[in-house]
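> Structure for this input, please:
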Amino acid sequence: MRRKINLIKKLKDRNGNWVEDKADLPQHICAYFQQLFATEAVDMSDEVIQKVNPCVTQAMNDALCAPYTREEVKRALFSIGDLKAPEPDDWNDTTIVLILKVDNPEECCRLSEIWKNLGVHASISELCVDNTGMGVLETILKKQDVSFTHLPGVGLKEMIATACWYMWWERRKIAREEAVQTPARSAQAIAAIVTNYVRSVKNPKIRRHGWEKPREGFVKLNIDAAFNLETETGATGAVLRDNNGMFIAASSCGIAHVADASWAEARALRDGLILAGQTGCNQVLVNSDCMDVVETMNEGGRSSSPAAAVYEDCMF
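This next block holds a predicted model:
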C-alpha cells in the first residue's frame, strides 16, 4: 500500500508540461533541485547592505565555511534511522542501504551464507518468491512448524526468529565498524543460542540455587567457562570441595581457539575431571550451569557438536 501511494507517475516542468516517461522523470527531479539550490547573482547597493545588522559572527562564518571532516560525515550517516532505507522501486531493482561496501551488489552474500549453514536457505528462498520484507517473516510464523534433524527439538520458527535477531545485532556491529565472525561461525552461534533456549523452555523445573554439600564420601566439582565471541578465545575454571565444604583444589586455563560457548563449557568439564584425577578424587559430583553439558553427559557423552571429541575425553 505504501509503495503504491508513494509512486510518482508524472510531474509538471517549469513550462507546465507533463513529464511522464520513466526515463525522463529522474533527470527532471535532479534538474529541479539543482536549480532550486543554485545561487543567483543579485545586485545590491552598499547602502542597503550597511543597514542590515549582521547575525552571523566571524567565528560562526569560519566554522560554516570550514572543510567537512570524516568524523562529521560518519556522524551524519550514522544518525539516519535503521528503517530509513527505501525499498526497491521501478527505477532501481536493488535495495539502497546507505553506503554500499561493494560495487554493483547482486545479493546479500553474508546473510545467504548464514542461512545456508543453518539449513534454511531453501525455505526462505521459496517464501521470497511471493513475499517481500516483513511478509516473509509473517508467512514463516504462520506456517506449520518443522524440526531440524541435526538440532532435535528446534523448530523453523525459533531458528528464524533467533537468526533475525542475531544478524540484526551483527549488522549494528558492522555499522560501528566493529569486527564480526565468519558466516559459518555466526551460524554456529545462532544454533547454540536457539538450542539452549528450546532446552530451557522444555525444562521449566530447573532452578538456580546456592552451593550444596555432596553426600558423604563424595567431592563436589564446580565448573564454568567464559567465551569471547569477537576474539574466539575462552577460559575455564574448576573448584573441588569435600562433603564438609572445605576447599581441596582449583584450576583455571586460558584457551586460544574456541569453537563456541558450548565447546568452552565442555572443555571446562574436561579440565575439572583432570583436576579431580590429579588430586586422587574418584567419587565426584559435577555441577555445571550449561544445559548442553548436563544433557550430553546424562546421555552417555554422545554428541554431534564441535565438542564431540571433548566429550569423548570426559568418558574415561
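
> Flag the shaky bits of the stretch 101-250 of the chain, pLDDT-wise.
Under the criterion pLDDT under 70, the flagged ranges of the stretch 101-250 of the chain are 101-108, 124, 126-141, 143-150, 152, 202-210.

> Where do the strands of it begin and end?
219-228, 233-241, 247-255 (DSSP state E, counting those that start in this stretch).

> Need those strands in JSON lines (columns: mean neighbour count).
For the C-beta atoms, the positions are set from N, CA and C on the backbone; glycine is no exception. Putting these into JSON lines (neighbours: other CB atoms under 10 Å) gives the following:
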{"stretch": "strand 219-228", "mean neighbour count": "20"}
{"stretch": "strand 233-241", "mean neighbour count": "20"}
{"stretch": "strand 247-255", "mean neighbour count": "14"}
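
> is it true that residue 173 touches residue 180?
Yes: the criterion here is CB atoms under 8 Å, and residue 173 meets it with residue 180 at 5.4 Å.

> before we move on, the earlier item: same list, the strands of the stretch 101-250 of the chain, but as CSV with distance to residue 56 please.
Below are the strands of the stretch 101-250 of the chain laid out as CSV (distance: least, CB to CB, whole Å):
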stretch, distance to residue 56
strand 219-228, 51
strand 233-241, 54
strand 247-255, 59
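
> Which of those strands sits closest to residue 299?
Residue 299 lies closest to strand 219-228 among the strands of the stretch 101-250 of the chain, at 18.2 Å (CB to CB).

> Can you list the helices and strands that the closest one packs against?
Applying 3 or more CB pairs under 8 Å, 6 or more residues apart in numbering; DSSP states H and E, one finds that strand 219-228 contacts strand 233-241, helix 261-278, strand 284-287.

> In CSV, list the ones you listed along with distance to residue 186.
Converted to CSV, the helices and strands packed on strand 219-228 look like this (distance: least, CB to CB, whole Å):
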stretch, distance to residue 186
strand 233-241, 17
helix 261-278, 13
strand 284-287, 31
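
> Single out the most deeply packed of those.
Burial of these is given as mean neighbour count (mean count of other CB atoms under 10 Å); helix 261-278 ranks first at a mean of 22.

> mind saving the C-alpha coords of that one as PDB?
Provided in PDB are the C-alpha atoms of helix 261-278 (Å, rounded to 0.1, in the frame of the first residue of the first chain):
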ATOM      1  CA  ALA A 261      30.200 -21.300  24.100                       C
ATOM      2  CA  SER A 262      29.100 -24.900  24.400                       C
ATOM      3  CA  TRP A 263      32.600 -26.100  23.400                       C
ATOM      4  CA  ALA A 264      34.100 -24.000  26.100                       C
ATOM      5  CA  GLU A 265      31.700 -25.400  28.700                       C
ATOM      6  CA  ALA A 266      32.600 -29.000  27.600                       C
ATOM      7  CA  ARG A 267      36.300 -28.100  27.900                       C
ATOM      8  CA  ALA A 268      35.700 -26.800  31.400                       C
ATOM      9  CA  LEU A 269      34.200 -30.300  32.300                       C
ATOM     10  CA  ARG A 270      37.300 -32.000  30.900                       C
ATOM     11  CA  ASP A 271      39.700 -29.700  32.800                       C
ATOM     12  CA  GLY A 272      37.700 -30.300  36.000                       C
ATOM     13  CA  LEU A 273      37.800 -34.000  35.700                       C
ATOM     14  CA  ILE A 274      41.500 -33.900  35.100                       C
ATOM     15  CA  LEU A 275      41.900 -31.800  38.300                       C
ATOM     16  CA  ALA A 276      39.900 -34.400  40.200                       C
ATOM     17  CA  GLY A 277      42.100 -37.200  38.900                       C
ATOM     18  CA  GLN A 278      45.300 -35.400  39.700                       C
END
